[in-house]
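J.: I'll drop the sequence and a predicted model, then ask my questions.
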Amino acid sequence: MTPSATDGPAPKGRSRRSFAGARPVMADVARMAGVSKQTVSRVLNDHPAVRPETRQAVLEAMRTLGYRPSRSARSLASGRTRMIGVISFDAARYGPASILTAINTAAQEAGYLVSSIALDTADHDTVVEAVNRLSAEGADGVIAIAPQLWVGRALAETTDLGTPLVVLENALDSGTALVTGDSRTGARKATEHLLGLGHTTVRHIAGPTGWTSADLRMAAWQATLRAAGAAVPAPLVGDWSADSGYDLGRRLARSPEVTAVFVSNDQMALGVLHALHECGRCVPGDVSVVGYDDIPEAAHFLPPLTTVRTDFAEIGTRSLRLLLDRIDGPAGPRVDTLVPVDLVVRASSGPPPVR
């Protein structure tokens, strides 16, 4: 009769040499340890009902045989696939790409595989279809990098699938957990820095309308100017690219009264620096420029760029941890996680010119 999980170990059987040429399976481990396959499964999943001496016998049998549990065996034992899904948009940009790298690294360390879907379009039906596909593939949970408001609205309709969901940037319902960089604080720090240098107001080049981070940064820039009693000029709206920053920078360069510009990301700030240089405006002697994100190249712009540093790796790692918590336990109330940001002061910002 095969001993149960609470029985002690039976005498060991075949040696590792008897399995030469064949990969050992769970039944071989059970036979050598003198227990059932169910007991081996419990040991693999750290079940508390297994006696210490039985657990030790199973582990010794695994080592002797060179047994490595397959992912499918673990899935059958735990009811999980050990796979998570990730949906991303605009994955070529530095921020999303860095977040994806961090999620993959953290998932690998936790013993999970990652199935990624990179979407070129963020329309409603495409987003819902992506979540449905990952759920159908058996994903234990899904992380969605949702930079646009309408993506959050589409994701809100997928919570009835029962798949744990963590959203980066925006979450519009109580059933999804949110992880994001603190755009409000970052924009406030950037604007206060320029005002503190003596500039009477600060111009702003925003990201595309409807992108959560762009909207938050623009709102915080406006609120900071109002709180300081400074004029609030109309923002200019770019598309995150250096080309759009260059085009809008040329417009600002033609206005002598412009002495400070806060740009919603570093790529557009690079275009602004290029435009100001071409138009004969010195940075920071004539115009100070502050960017956002602190991409690796920002320290090597001419001049080196003052910018707000976002820890994208921390955003990715925290999102994975939060998702695993929701996979392991019942979903509690919505958790919003704001990852702190820092202002990195370099040579592109300084006092306004003396008139």
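T.: Structure's in. What do you need? Residues are numbered from 1 along each chain as shown.

J.: can you give me the buried ones in stretch 89-103?
T.: Going by neighbour count (16 or more other CB atoms under 10 Å), the buried part of stretch 89-103 is 89-91, 93-96, 98-100, 102-103. C-betas here are computed from N, CA, C, even on glycine.

J.: quick one, phi/psi of residue 117?
T.: Backbone torsions of residue 117, given as degrees, to the nearest 10, read phi -120, psi 120.

J.: give the bridge partners for it, please.
T.: residue 87 (DSSP bridges).

J.: quick one: it and residue 88 touch, right?
T.: Yes. With contact defined as CB atoms under 8 Å, residue 117 counts as touching residue 88 (7.4 Å).

J.: may I ask which helix or strand of the protein has the lowest mean pLDDT?
T.: Within the chain, confidence by mean pLDDT, DSSP states H and E is lowest for helix 71-78 among all helices and strands, at a mean of 50.

J.: avg pLDDT for the helix or strand hosting residue 186?
T.: Element membership for residue 186, per DSSP states H and E: helix 183-196. Here helix 183-196 scores 98 as its mean pLDDT.

J.: which parts of the stretch 201-350 of the chain are helices?
T.: Assigned by DSSP state H, counting those that start in this stretch, the stretch 201-350 of the chain shows helices spanning 212-227, 242-253, 266-278, 312-328.

J.: turn those helices into JSON lines, columns for distance to residue 125.
T.: Output for the helices of the stretch 201-350 of the chain, formatted as JSON lines (distance: least, CB to CB, whole Å):
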{"stretch": "helix 212-227", "distance to residue 125": "21"}
{"stretch": "helix 242-253", "distance to residue 125": "28"}
{"stretch": "helix 266-278", "distance to residue 125": "30"}
{"stretch": "helix 312-328", "distance to residue 125": "24"}
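
J.: closest to residue 130 out of the ones you listed?
T.: helix 312-328 (16.0 Å; CB to CB).

J.: could you pull up the mean pLDDT of that closest one?
T.: 91.

J.: which elements pack onto that helix?
T.: Identification of packing neighbours for helix 312-328 by 3 or more CB pairs under 8 Å, 6 or more residues apart in numbering; DSSP states H and E yields helix 94-109, strand 141-145, strand 165-168, strand 177-181, strand 336-339.

J.: could you dump those to CSV with distance to residue 197?
T.: Shown next, in CSV, are the helices and strands packed on helix 312-328 (distance: least, CB to CB, whole Å):
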stretch, distance to residue 197
helix 94-109, 27
strand 141-145, 34
strand 165-168, 33
strand 177-181, 24
strand 336-339, 27
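
J.: so which of the ones you listed is nearest residue 299?
T.: helix 94-109 (13.7 Å).

J.: packing partners of that closest one?
T.: Using 3+ CB pairs under 8 Å, 6+ apart as the test, helix 94-109 ends up in contact with strand 83-89, strand 113-119, strand 141-145, helix 312-328.

J.: would you tell me which of these gets closest to residue 280?
T.: helix 312-328 (35.4 Å).

J.: which parts of that closest one are buried?
T.: Buried-residue list, helix 312-328, by 16+ other CB under 10 Å: 312-320, 322-327.

J.: tell me what angle that helix forms with strand 141-145.
T.: Angle between the axes of helix 312-328 and strand 141-145 is 150 degrees (criterion: axes from the mean of the first three to the mean of the last three CA atoms, to 10 degrees).

J.: gap between helix 312-328 and the chain center?
T.: Averaging C-alpha positions (CA atoms, centre = their mean, to the nearest Å) puts helix 312-328 8 Å from its chain's average.

J.: residues making contact with that helix?
T.: Residues outside helix 312-328 that contact it (CB atoms under 8 Å, 6 or more residues apart in numbering) are 80, 84, 94-95, 98-103, 105-107, 110, 112, 140-143, 164-166, 168, 177, 179-181, 335, 337, 339.

J.: report the buried members of those.
T.: Looking at those with 16+ other CB under 10 Å, the buried ones turn out to be 80, 84, 94-95, 98-100, 102-103, 106-107, 112, 140-143, 164-166, 168, 177, 179-181, 337, 339.
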